[in-house]
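*Asks:* the amino acid sequence is not available; the structure is as follows:
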């Protein structure tokens, strides 16, 4: 995986010594780290399309970590956010999770706890991006089907056999077989289970 595609951890803390220490720790598990000394610089410059996670200190001058979290969620940023604080309260923790934080950890944070949280967050983000990409590809492929092909697909998803589909659409089983073969090709499906899994929701939405 090239550096531009590998996960990147954004580390936001106004304490340079803390940033350096955490960056060194995170690097031991092969994750890239970009340090930010101010939340303002981070919000203005970070790549929202990138893959990775965000480690965000709660207490910083100018803009609190919870305020930054609110802005990230409002912008639709999907990178998981792990909050760090040296003065945590139950109310603060509750607010962070309610706002969408993936984790809320207290300083001094246990090294392994942080690494486990980061690796889990990155894995979830990679999986989420992959599913989103597959869903987008599925919608684009579905949009290219003819009206008849969509009808046949809907009946396949409903569990009908070729003969039953032929009777329902008043066409021959051979014609159904042709449409079925075209569907597997156009939708890039390798099995019936994959076809149904990918397109059942789209069929229901357009029914």
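*Replies:* On my side now, so go ahead. Here the structure is a predicted model, which means the values were calculated and not measured.
*Asks:* what residue is smack in the middle of this structure?
*Replies:* Taking Cα atoms, centre = their mean, the centroid of the chain lies closest to residue 128, which sits 2.7 Å from it.
*Asks:* what helix or strand is that one on?
*Replies:* Using DSSP states H and E, residue 128 sits in helix 111-143.
*Asks:* show me what that helix is packed up against.
*Replies:* For helix 111-143, the packing partners by 3 or more Cβ pairs under 8 Å, 6 or more residues apart in numbering; DSSP states H and E come out as helix 16-27, strand 52-57, strand 81-85, strand 103-106, helix 192-206. For the C-beta atoms, the positions are set from N, CA and C on the backbone; glycine is no exception.
*Asks:* 10 Å instead?
*Replies:* If you count contacts as 3 or more Cβ pairs under 10 Å, 6 or more residues apart in numbering; DSSP states H and E, helix 111-143 packs onto strand 8-12, helix 16-27, strand 52-57, strand 81-85, strand 103-106, helix 147-157, helix 173-186, helix 192-206.
*Asks:* residue 123 is nearest to which of these?
*Replies:* Closest approach to residue 123 among those is made by strand 52-57 (9.9 Å; Cβ to Cβ).
*Asks:* who are the packing partners of that closest one?
*Replies:* Against strand 52-57 (3+ Cβ pairs under 10 Å, 6+ apart) you get strand 8-12, helix 16-27, strand 32-36, helix 39-45, helix 65-74, strand 81-85, strand 103-106, helix 111-143.
*Asks:* tabulate the ones you listed (JSON lines), appending mean pLDDT and distance to residue 174.
*Replies:* What follows is these, written out as JSON lines (pLDDT from 0 to 100; distance: least, Cβ to Cβ, whole Å):
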{"stretch": "strand 8-12", "mean pLDDT": "97", "distance to residue 174": "54"}
{"stretch": "helix 16-27", "mean pLDDT": "95", "distance to residue 174": "60"}
{"stretch": "strand 32-36", "mean pLDDT": "97", "distance to residue 174": "56"}
{"stretch": "helix 39-45", "mean pLDDT": "94", "distance to residue 174": "60"}
{"stretch": "helix 65-74", "mean pLDDT": "93", "distance to residue 174": "54"}
{"stretch": "strand 81-85", "mean pLDDT": "93", "distance to residue 174": "56"}
{"stretch": "strand 103-106", "mean pLDDT": "92", "distance to residue 174": "57"}
{"stretch": "helix 111-143", "mean pLDDT": "93", "distance to residue 174": "24"}
